[in-house]
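**Q** Sequence and computational prediction follow.
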Amino acid sequence: MEAIQWKLLPLLTLLASFLLFFYFQNPSKKYQKNCSLLPHQHYWITSNRIVTPHGVISGAVEVKEGKIVSIVKEEEKNGKTKLENVIDYGEAVVMPGLVDVHAHLDDPGRAEWEGFPSGTKAAAAGGITTLVDMPLNSDPSTVSRETLQLKIKAAESRIYVDVGFWGGLVPENAFNASALEDLLNAGVLGLKSFMCPSGINDFPMTNASHIKEGLSILAKYRRPLLVHAEKQLDFESDLGVEGGSNDARSYLTYLKTRPASWEEAAIRDLLTLTKDTRIGAPAEGAHLHIVHLSDSSNSLDLIKDAKSGGDSVTVETCPHYLAFSAEEIRDGDTRFKCSPPIRDAANKEKLWEALLAGHVDMLSSDHSPTLPELKLLDDGDFLRAWGGISSLQFVLPVTWSYGQKYGVTLEQLALWWSERPASLAGQELKGAIAIGNHADMVVWDPDVEFDLDDDPIYLKHAGISAYMGTKLSGKVSATFVRGNLVFKDGKHAPAACGVPILAK
């Protein structure tokens, strides 16, 4: 009997090897079971409102093994293809998944603030299929190859959407070309710096000299530098809030501490450097991106002039600057504290005008969560509370709901939230429903109204969000990432199979 067993051993080993080879060459069953709420990898999505780069069509999108392989209009559908495994979304909108280039998930090190699992679940529930994580608020900040590796390790097998990473430009590495190149070679999609204190000890502020050096290195890689553009002027101190002369529970007191002149001063400095990004200039190939613009007056005029002169510059704003105004913020409601601050209603109207006219290029969430106790919700002290708007899951319905007053179209949403952010992050296969692209899509109903307080919220600390208690329109029903149905009607895929995105 023992001899027979030994004779069978090579045969059993060969059979096991064959089965393992077959399994790994055909992993779809395991992959689909864990990563997708769909039972197949080849299917069609049909809808009467599919948002493509060429307009909104009625038709079908064919998805095979994570990619979009064909798109047919309704009148061509029956004659050109036999539809199998059809998912019919009727009158719902099928749009490219949102690409959020400005989010703080605080992982590793401060995952109790948010973390990759909760943050990317919230992203998927909000129609975001790709986000780029900021280098600060995690611990340590992402300022070197080694700290990037910690970030990647924290993300692996814990993300429900694709996640890329910005690296930090800080005084420590700004004049060290080899250190910056090492960070860029490790895969960050670009760099981020602050022109004012960030509030994080290992992410100190930079000045124009640091930024000039960063742009010269980034030119070789053709990647962007993102800048938090606020600069305190020497002749401005606390602007009258010292000594208890103003009520710290009043939002207007906080607003006075960060005037629009801070944004203008920083942008003036930046635009002395961006001339080097013009064609034929020393830093051609570099690109400067101004994050979360809130000042729609002088700051915006400076940016428009720089663009018209050929500088490689873009600018984003955020839904909270388009949804809220300073006059509406109640005393002590520190959920609304952020920097730059939310300004007055007239400023908000001008921001909308600039966005609709194309002077503001794109939108981002600037999702910046924290622990509830750091928001000082009980004390309501705007001067001491941690700043940041928690918003990741809500940005699509917020933009749509508040944009109705201005006649926002589906094509504009796709431009602001998908196409242009994907381009900034260097993601050529994302941001549009187009043949050959990743099958990253969101399905949502613009006409469905819902109360945020009644819906499941996947953010770790939903109660600190300024949006809670509001009614919105534009409900997300399904989200596809690389062809995997990762979210459907309040349910996520069993496993987190988003992909960490690294620049090559």
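**A** Right, received. Where do you want to start?
**Q** Who are the contact partners of D451?
**A** If you count contacts by Cβ atoms under 8 Å, 6 or more residues apart in numbering, D451 has them with 470-471. To be clear about C-beta, it is placed using only N, CA and C from the backbone, and glycine gets the same treatment.
**Q** do A122 as well
**A** A122 neighbours (Cβ under 8 Å, 6+ apart): 392-393, 457-459.
**Q** Which single one of these is nearest to K121?
**A** Closest approach to K121 among the contacts of A122 (Cβ to Cβ): Y458, at 4.1 Å.
**Q** tell me the domain boundaries of the chain?
**A** The domain map for the chain lists 2-30, 36-91, 98-427+451-474, with the assignment taken from automatic domain parsing.
**Q** how about the helices in the stretch 101-250 of the chain?
**A** Remark: helices assigned in the stretch 101-250 of the chain by DSSP state H, counting those that start in this stretch are 116-125, 145-155, 171-174, 177-185, 208-221.
**Q** Of those helices, which is nearest K430?
**A** Using Cβ to Cβ, these put helix 116-125 closest to K430, at 13.7 Å.
**Q** Please work out how many residues are found near E428.
**A** 12 (other Cβ atoms under 10 Å).
**Q** Once you drop chain neighbours, what's closest to it?
**A** Using Cβ to Cβ, 6 or more residues apart in numbering and skipping the chain neighbours, the partner closest in space to E428 is A422 (7.7 Å).
**Q** on that earlier part again, is it possible to get CSV of the contacts of A122 that adds distance to E172?
**A** Formatted as CSV, the contacts of A122 follow (distance: Cβ to Cβ, whole Å):
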residue, distance to E172
L392, 29
Q393, 34
I457, 37
Y458, 35
L459, 32
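**Q** could the residues you listed be laid out in TSV, adding secondary structure?
**A** Listed next are these as TSV, based on DSSP: H, G, I helix; E, B strand; the rest coil:
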residue	secondary structure
L392	helix
Q393	helix
I457	coil
Y458	coil
L459	coil
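**Q** tell me which element the residue most central in space within the chain is part of?
**A** Residue closest to the average C-alpha location in the chain (Cα atoms, centre = their mean): D100, at 1.8 Å. Assigned by DSSP states H and E, D100 belongs to strand 98-103.
**Q** hmm, who's touching that strand?
**A** 119, 123, 126-134, 226, 291-292, 316, 318, 362, 364-367, 392, 395-396, 417-418, 421-422, 424-425, 427, 430-431, 442.
**Q** so how far is that strand off the chain centroid?
**A** 1 Å (Cα atoms, centre = their mean, to the nearest Å).
**Q** any low-confidence regions in the protein?
**A** 1-33, 78-82, 235-245 (pLDDT under 70).
**Q** contacts for stretch 270-283?
**A** 195, 208, 211-212, 215-216, 218-219, 227, 229, 284-288, 290, 302-303, 305-306, 309-313.
**Q** Tell me the buried residues within those residues.
**A** Burial by neighbour count, judged by 16 or more other Cβ atoms under 10 Å, picks out 195, 211-212, 215-216, 218-219, 227, 229, 285-288, 290, 302-303, 306, 311-313 from those.
**Q** what ranges do the helices span in the stretch 401-504 of the chain?
**A** Under DSSP H, counting those that start in this stretch, the stretch 401-504 of the chain gives helices at 410-414, 420-424.
**Q** Determine the set of other helices and strands touching the first one.
**A** Using 3 or more Cβ pairs under 8 Å, 6 or more residues apart in numbering; DSSP states H and E as the contact definition, the elements that helix 410-414 packs against are strand 42-52, strand 55-64, strand 93-96, helix 395-403.
**Q** Neighbours of the nearest residue to T129 once chain neighbours are set aside, how many?
**A** Nearest-residue entry for T129: G97, 2.7 Å, with adjacent residues in sequence omitted and distances by Cβ to Cβ, 6+ apart. For G97, the neighbour count with other Cβ under 10 Å is 31.
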